[in-house]
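[1] what's the 3D shape of this:
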Amino acid sequence: MIALRIYVSGIVQGVGYRAFSRRVANSYGLSGYVRNLPDGRVELFVQGDRDVVWSFLKELMDGPPGGRVDSMEVIKEVPRNEERDFTIKY
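    Residues are numbered from 1 along each chain as shown. All right, here's what the predicted structure looks like:
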């Protein structure tokens, strides 16, 4: 199992990016969360099987219709036992 913190920049707020990422994460059976940041980026924490997490990252690059991903910063994290589902944080 791996865990990553991801910061996504571009047109990622107000376009359904959080709902999109939750839907994709749930389809892969991943756990973690997604939230908007005050600076216009979206932050995700995701954990799961390495190959599945990398497939998830590829889909995050596309994003939802109306959105645009300009860059992603990916940081390795320590997996957390308390994360069971993939949720949207407000």
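[2] pretty sure residue 80 is in a strand, no?
    No - counting by DSSP: H, G, I helix; E, B strand; the rest coil, residue 80 is not part of a strand but coil.
[3] That one reaches residue 47, doesn't it?
    Yes - look at residue 80 against residue 47 with CB atoms under 8 Å: they come within range, at 6.9 Å. C-beta: built from backbone N, CA, C; applies to glycine.
[4] Quick check: the gap between the residue lying closest to residue 2 once chain neighbours are set aside and residue 31.
    The shortest distance from residue 2 to any non-neighbouring residue, by CB to CB, 6 or more residues apart in numbering, is to residue 50 (4.9 Å). From residue 50 across to residue 31, the span is 14 Å (CB to CB, to the nearest Å).
[5] How about residue 21?
    Counting by CB to CB, the gap from residue 21 to residue 31 is 13 Å.
[6] Counting neighbours, go ahead and name the busier of those two.
    Neighbour count, other CB atoms under 10 Å: between residue 21 and residue 31, residue 21 has more, with 27 against 21.
[7] check contacts around the more buried one.
    Applying CB atoms under 8 Å, 6 or more residues apart in numbering, we find residue 21 in contact with 34, 42, 44, 60, 86.
[8] Just say helix, strand or coil for the one residue sitting closest to the centre of the chain.
    Closest to where the C-alpha atoms of the chain average out (CA atoms, centre = their mean) is residue 44, at 3.9 Å. State at residue 44, reduced to three classes by three-state DSSP: strand.
[9] Is it correct that it is in contact with residue 12?
    No - checked against CB under 8 Å, the pair residue 44 and residue 12 is beyond contact range at 10.4 Å.
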